[in-house]
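1. Here is my input, please return the structure:
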Amino acid sequence: MMTHGTRYTYNRGCRCVPCTQAATDYTRQHRAHLRASPVPDDLHGAAATYRNRGCRCDACRAAHNTKTREDRNNRR
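-> Modelled structure (predicted):
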């Protein structure tokens, strides 16, 4: 039996509203925690650092722009 309203259940495949909300809440809290801490030097220049940690340095912006262009071209 699955307990609904948890991130665990969402990760197991349930997409009901309580499970989706639990996963969303966790992701928001986790990203807020990441953004509150300094970005290690070895993570700069990645699209994920731009998205998850909120870094807006030139290297992260360039990686994000490249990834966005690639994604757009792959959808066509």
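2. For the one helix or strand T9 maps to, which outside residues touch it?
-> If you go by DSSP states H and E, T9 is part of helix 7-11. For helix 7-11, contacts defined as Cβ atoms under 8 Å, 6 or more residues apart in numbering pick out M2, T3, C19, T20, A22, A23, Y26. From N, CA and C alone the C-beta is placed, and that goes for glycine too.
3. tell me the mean pLDDT for it?
-> The pLDDT scores in helix 7-11 average 95.
4. For the remainder of this discussion, apply numbering that starts at 656.
-> Understood, numbering begins at 656; the last thing we discussed is helix 662-666.
5. Could you list the buried residues of that helix?
-> For helix 662-666, burial by neighbour count (16 or more other Cβ atoms under 10 Å) applies to R662, T664, Y665.
6. Kindly report the same for stretch 706-721.
-> Under 16+ other Cβ under 10 Å, the buried positions of stretch 706-721 are N707, R708, C710, C715, A718, H719.
7. of the residues you listed, closest to R727?
-> H719 (12.5 Å; Cβ to Cβ).
8. and the closest one, what is it in contact with?
-> With Cβ under 8 Å, 6+ apart, H719 has these contacts: A702, Y705, R706.
9. Rebuild those residues as a markdown table, extending it with secondary structure, pLDDT and distance to R727.
-> Compiled in a markdown table, the contacts of H719 are given as follows (DSSP: H, G, I helix; E, B strand; the rest coil; pLDDT from 0 to 100; distance: Cβ to Cβ, whole Å):
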| residue | secondary structure | pLDDT | distance to R727 |
| --- | --- | --- | --- |
| A702 | helix | 96 | 13 |
| Y705 | helix | 95 | 16 |
| R706 | helix | 92 | 15 |
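10. May I have stretch 719-731 exported as CSV, CA atoms only?
-> Provided in CSV are the C-alpha atoms of stretch 719-731 (Å, rounded to 0.1, in the frame of the first residue of the first chain):
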residue,chain,number,x,y,z
HIS,A,719,22.4,27.9,-20.2
ASN,A,720,22.1,29.7,-23.5
THR,A,721,23.8,26.9,-25.4
LYS,A,722,21.6,24.3,-23.7
THR,A,723,18.4,26.3,-24.4
ARG,A,724,19.4,26.5,-28.1
GLU,A,725,20.1,22.8,-28.3
ASP,A,726,16.8,21.9,-26.7
ARG,A,727,14.9,24.2,-29.0
ASN,A,728,16.6,22.8,-32.1
ASN,A,729,15.9,19.2,-30.9
ARG,A,730,12.2,20.0,-30.6
ARG,A,731,12.0,21.0,-34.2
